[in-house]
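Visitor: sequence unknown, structure follows:
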């Protein structure tokens, strides 16, 4: 039986998702995903041939979606400080990260 | 329960301080075994808040219904200045900069927070076992799971540690554990309650909802947290609830209840669960309700639609969990192996996140990737509309639908941890309400005996969009005396 997903595809997807796995983990994951994607395949049988308008909010009827004015709102110094305090590497008001470019 | 506590505080029969103390004592006695709380707040801080309410009472000032009443929050809901771990190692040091809108509203009503409850990591799980802080146990049988992902909130209520708690429900995360533990839990209509400052799992599915022992308490809490929030534009104008509790009469005479044959013929449905829920339907008929058989032809696609869409949304929402602005950062570790920014992303996420979260990220990334998007995500979106259409047609004929909450009573710890697909199938009856965005409430249906232990079984009432309050009224009638 052909597989729904190969180990190589999982490895490539992990790269896209910014995740790393050991070889053992990859094998296990490929097995899990193969089962789950097999189950998802049932969806292919659903008849979506008619013109279906995708509108998650069609049920709100008379009610209205909420929109706010496009105006600048500030969060205040206290909240701003609390956000910065969550930085793993804070330098003053800046967030420090590893370099993107490779050193020679 | 809330009304009684309020009466006591108001009349001076008991102070809020005494009430909070009593609950803290129960937490102290039971939490080591049940592991419902990730964090319990400092007793002195809690009691100081309670004393303020008591002083008001002493001075003869009027107090609100929820003033001085303690509660717990699922640890994915922000409480300013306190940790929000989301049940993850990744977030174990994260301090919430702002209150969630639901918390802001409860604070305005004078509610006192006792702590944060355990949960499946980032709300991904159906057993409470996917937490970086250990599994929560079912109080009816500690060798069994409490259900998930709002495992700690439900167990806290079921074991009497708090009178009520908040959870979140993306595919059954309030209702399924409520069923397993014998309490009442509600997922409101999508758009009813603000999700601001609640960590998102699947944006087009998540709703915050209340958990309590009684339907009336769930109604009191829903009324307090519902309504539009200008900072969350998924909330809908006019979604506030200003109804009176006296309206919750829920007379069943002449009410049409939908019976979906397929629900009760499904493979894997425990016979005792089936019989118990059917008994409740027969009971409703005796109360004057009309039972109508209805069809949901696309119900069979609900679970696949759900898991496809939510994993896709998860992969996108979880992209922000990269250790840069908050959370675990591998570069800060002793002997860090990160040499550049890309390394930091990968290693922080790989070490900080648990197995199920990573599995869902990979699934979602795959479903959204080039070449698969049309076959998976787009197809699932279209099927979601078909399922909504099914329900729209059903609600032209009936007032609400009854379903089991889960195919079985609570299963054993470890039973499904190695088989993710089997774990996903535990959500079979709950996901439909989230796919269709309708309100649904879980109430106890009765108990079954397993290995000489009595285990609760839950049932669900699914209502029409925005019928949340009516649904609460009907659910109240189903409470077992």
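Guide: Noted; the coordinates are in hand. This one's a predicted model, so the numbers in the text were calculated from it and none came from an experiment.

Visitor: near residue 96, how many other residues are there?
Guide: Answering for chain A, as no chain was given. 12 (other CB atoms under 10 Å in any protein chain shown). Quick note: C-beta positions are derived from backbone N, CA and C, even for glycine.

Visitor: that's the wrong chain, I wanted chain B
Guide: Residue B:96: 20 neighbours (other CB under 10 Å).

Visitor: from what I can see it touches residue B:82, true?
Guide: Yes: using CB atoms under 8 Å, residue B:96 makes contact with residue B:82 at a distance of 6.0 Å.

Visitor: apart from its chain neighbours, what residue comes closest to residue B:465?
Guide: residue A:59 (4.2 Å; CB to CB, 6 or more residues apart in numbering or on different chains).

Visitor: what sits up against stretch B:266-273?
Guide: The contact list for stretch B:266-273, computed with CB atoms under 8 Å, 6 or more residues apart in numbering or on different chains, reads B:263, B:404, B:406-409, B:425, B:428, B:448, B:457.

Visitor: and of the residues you listed, the nearest to chain A?
Guide: In terms of CB to the nearest CB, no member of those lies closer to chain A than residue B:425, at 8.6 Å.

Visitor: which ones are touching the residue nearest to residue B:453 when sequence neighbours are not counted?
Guide: Nearest residue to residue B:453, sequence neighbours excluded (CB to CB, 6+ apart): residue B:141, at 4.3 Å. Neighbouring residues of residue B:141 by CB under 8 Å, 6+ apart: B:410, B:450-451, B:453, B:455.

Visitor: tell me which of the residues you listed fall in strands.
Guide: Among these, the ones falling in strands (DSSP state E) are B:450, B:453, B:455.

Visitor: okay, the residues you listed in TSV with neighbour count and pLDDT next?
Guide: Shown next, in TSV, are these (neighbours: other CB atoms under 10 Å in any protein chain shown; pLDDT from 0 to 100):
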residue	neighbour count	pLDDT
B:450	18	96
B:453	16	96
B:455	22	98
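
Visitor: so which of the residues you listed is the closest to residue B:315?
Guide: When the ones in strands among the contacts of residue B:141 are ranked by distance to residue B:315 (CB to CB), residue B:455 comes first, at 35.3 Å.

Visitor: close enough to count as contact, the closest one and residue B:140?
Guide: Yes: if you go by CB under 8 Å, residue B:455 and residue B:140 touch, sitting 5.5 Å apart.

Visitor: leaving out sequence neighbours, find the closest residue to the most centrally placed residue in chain A.
Guide: Chain A has residue A:17 as the residue nearest its centroid, 8.1 Å off, counting by CA atoms, centre = their mean. Setting aside the residues directly before and after it, residue A:17 is nearest to residue B:365 in space (CB to CB, 6+ apart), at 4.2 Å.

Visitor: can you pull the contacts of that neighbour?
Guide: Here residue B:365 is in contact with A:13, A:16-17, B:315 (CB under 8 Å, 6+ apart).

Visitor: quick check: residue B:88 vs chain A, distance?
Guide: Between residue B:88 and chain A the distance is 14 Å, computed by CB to the nearest CB, to the nearest Å.

Visitor: picking up where we left off before, now for the residue nearest to residue B:465, how many residues are close by?
Guide: 20.

Visitor: which ones are touching it?
Guide: Neighbours of residue A:59 in contact, by CB under 8 Å, 6+ apart: B:388, B:392, B:437-438, B:465.

Visitor: and residue B:163, by the same measure?
Guide: B:1-2, B:5, B:23, B:69-71, B:157, B:212-213, B:217.

Visitor: ditto for residue B:193
Guide: Taking CB under 8 Å, 6+ apart, one finds B:102, B:207-209, B:222, B:225-227, B:235, B:239 in contact with residue B:193.

Visitor: now those as JSON lines including pLDDT?
Guide: JSON lines is the format used below for these (pLDDT from 0 to 100):
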{"residue": "B:102", "pLDDT": "98"}
{"residue": "B:207", "pLDDT": "98"}
{"residue": "B:208", "pLDDT": "98"}
{"residue": "B:209", "pLDDT": "98"}
{"residue": "B:222", "pLDDT": "98"}
{"residue": "B:225", "pLDDT": "98"}
{"residue": "B:226", "pLDDT": "98"}
{"residue": "B:227", "pLDDT": "95"}
{"residue": "B:235", "pLDDT": "93"}
{"residue": "B:239", "pLDDT": "92"}
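
Visitor: narrow these to those in strands?
Guide: Using DSSP E, the subset of the contacts of residue B:193 located in strands is B:207-209.

Visitor: list the contacts of stretch A:71-85.
Guide: A:90, A:93, A:95, B:80-81, B:95-98, B:325.
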